[in-house]
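Novice: Structure for this input, please:
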Amino acid sequence: MVIKQILAFAAAMVASLVVSVQGSEFSFYNLSLIWPPSACIPTTNCKAPIPNFFTIHGLWPTLKDGTEVPPYDPIDNYCNPNPVAPADIVAKLATIRGRLETKWPNLRDDKSNDIVWETEWSVHGICSDYPHDPFTYFNSTLNLAENSKYDPLKVLGVQPSNTPYDIDKLLENVKWNVGFYPQISCSMPVEGTKQLYLREIRFCFKRSMPPSELQHCPDGMDYMCRSVPPLERKVMFPPASTTAFTTNVMPTLERNITSPPASTTTSWPNVNCGLFVFVLWGIIGLLVVYFLVRRNRVHEHVE
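Specialist: Coordinates of the predicted model:
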């Protein structure tokens, strides 16, 4: 019985080590940039104003087949020993905080920027090549995202528009401009439709410190992009100015009426037309009665 328990324990340890090795020996980094106007459809709690440029979602250690390295776990995925705790990273980012708030903000009202950065660190940063150096991890991500060479608004070859774009064409445009295929991530935020929206574009960088050399992404589209038939794989790339912040507010109706300027003189109260006519007829009726009564009195006096 004891021998069986020892063997079972040993098997569990070996399995744990295998998972750990698989988790730590990733192949490349996935730089994910998100298009805020798409991410904010149809949510009601995006912060205003919505950025009109791609912001950072994360820099993710990724296995050769395109699978993200699982989050750090001291039992199942002990990818790096003694990493910096998420609660301790924000203080180490003070000198680049301004850049982070611009390029790596939280788009929602329900979370602070600090929470977003701590979450990205706990899920991805700890298993990167910088488990003890969050500053370099975040700074390296910023350097890639701020490089105009990888600006999606340039390399996609199109501008935001309410006209859908063919996904394959966008992938070819990026390949032409940077030399390698990215991955495009889609969303389908409008209920009752199958219209895809361009949510993210992801660039794949060979594993190095810091990452700098591009490679082809294993798959040009994520599962949501492939959720519709090939002929329907067209994505909306909505302009920021046409994105609604909320979905529970009735739109303002446009009228071709110019409001007059406010008067500086005293004006009459706004009286309802029907009430005015009623009062006017009442006055006329009283006058008629008055004259009839007076005439009768005059006749009585004469007689």
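
Novice: got the buried residues for stretch 73-81?
Specialist: Asn77, Tyr78, Cys79, Asn80 (16 or more other Cβ atoms under 10 Å). Where you see a C-beta, it was placed from the backbone N, CA and C, and this is true even at glycine.

Novice: Just to check, the last one is in contact with Gly125?
Specialist: No. Applying Cβ atoms under 8 Å, one finds Asn80 not in contact with Gly125, separated by 9.9 Å.

Novice: Could you pick out the longest strand of the protein?
Specialist: strand 196-206 (DSSP state E).

Novice: Who are the packing partners of it?
Specialist: strand 28-34, helix 36-39, helix 167-178, strand 183-187, strand 214-215, strand 234-237 (3 or more Cβ pairs under 8 Å, 6 or more residues apart in numbering; DSSP states H and E).

Novice: Export these as CSV, with columns for mean pLDDT.
Specialist: Formatted as CSV, those follow (pLDDT from 0 to 100):
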stretch, mean pLDDT
strand 28-34, 98
helix 36-39, 95
helix 167-178, 98
strand 183-187, 97
strand 214-215, 98
strand 234-237, 96
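
Novice: Which of the ones you listed sits closest to Thr62?
Specialist: Closest approach to Thr62 among the helices and strands packed on strand 196-206 is made by strand 28-34 (4.6 Å; Cβ to Cβ).

Novice: got a list of contacts for the closest one?
Specialist: Under the contact criterion Cβ atoms under 8 Å, 6 or more residues apart in numbering, strand 28-34 has outside partners 54-62, 64, 68, 107, 128, 141, 144-145, 150, 152, 183, 185, 199-207, 211, 215, 217.

Novice: swap in stretch 143-158?
Specialist: Residues outside stretch 143-158 that contact it (Cβ under 8 Å, 6+ apart) are 31, 33, 35, 53-54, 56, 59, 99, 103-104, 159-160, 165, 170, 173-174, 176-178, 201, 203, 205, 210-212, 237.

Novice: just for the stretch 101-250 of the chain, where's the confidence low?
Specialist: The stretch 101-250 of the chain contains residues with pLDDT under 70 at 241-250.
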